[in-house]
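[1] Based on what follows, work out the 3D shape:
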Amino acid sequence: MNSLPLTPNDSVSGAEVPKTEPAPKALHPLFTTDGRKLRLLQTHDRLKQWWTLDELRFCAKFQHVFSGRDIRFMEDKFQVVHFRCPTYDCDGGFEEWQYPRLHL
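    Presented below is the predicted three-dimensional model:
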């Protein structure tokens, strides 16, 4: 009897072992200074300029206005920074974040 573990391509009695999806990246909040957060936005957002964390952006997916301070900065186990929309249940990113059209 083979004692090696089954892989998704192995079969047992003609039945195929179901393939499993890779685990999602485990992200945890990145706690850092406001200066570093601003620098991260300036470096990674190639679509818009960031001068301060108080600047406003508009989430086109959920029609929500937020500031740079509201953005959730996340980090994975490889220390890669990810930016998450502060709008509840939104997976939008730089592409969906527009300059707001404010009528003052």
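[2] For the nearest residue to Ala60 once chain neighbours are set aside, list the residues it contacts.
    Distances taken as CB to CB, 6 or more residues apart in numbering place Glu96 nearest to Ala60, at 4.7 Å, with adjacent residues excluded. For glycine as for every other residue, the C-beta is placed from the backbone atoms N, C-alpha and C. Counting by CB atoms under 8 Å, 6 or more residues apart in numbering, Glu96 makes contact with 59-61, 85, 90.
[3] Name the nearest of those residues relative to Leu47.
    Distance to Leu47, by CB to CB, is smallest for Ala60 among the contacts of Glu96, at 12.1 Å.
[4] Let me know how buried Arg57 is, in neighbour terms.
    24 (other CB atoms under 10 Å).
[5] hang on, it packs against Phe94?
    No. If you go by CB atoms under 8 Å, Arg57 and Phe94 don't touch, sitting 9.1 Å apart.
[6] which residues are common contacts for the two?
    Lys48.
[7] follow-up on the earlier one: just the buried members of the contacts of Glu96?
    59, 85 (16 or more other CB atoms under 10 Å).
[8] Lys37: which of the contacts of Glu96 is nearest?
    Nearest member of these to Lys37, counting by CB to CB, is Cys85, at 14.9 Å.
[9] element containing the residue nearest to that closest one when sequence neighbours are not counted?
    Counting by CB to CB, 6+ apart, Cys85 lies nearest to Gly92, which is 4.4 Å off, once chain neighbours are set aside. Using DSSP states H and E, Gly92 is not contained in any helix or strand.
[10] List the residues that contact Gly92.
    59-62, 85.
[11] what does Asp34 give?
    53, 69.
[12] again, 10 Å this time
    The contact partners of Asp34, taken as CB atoms under 10 Å, 6 or more residues apart in numbering, are 52-54, 68-69.
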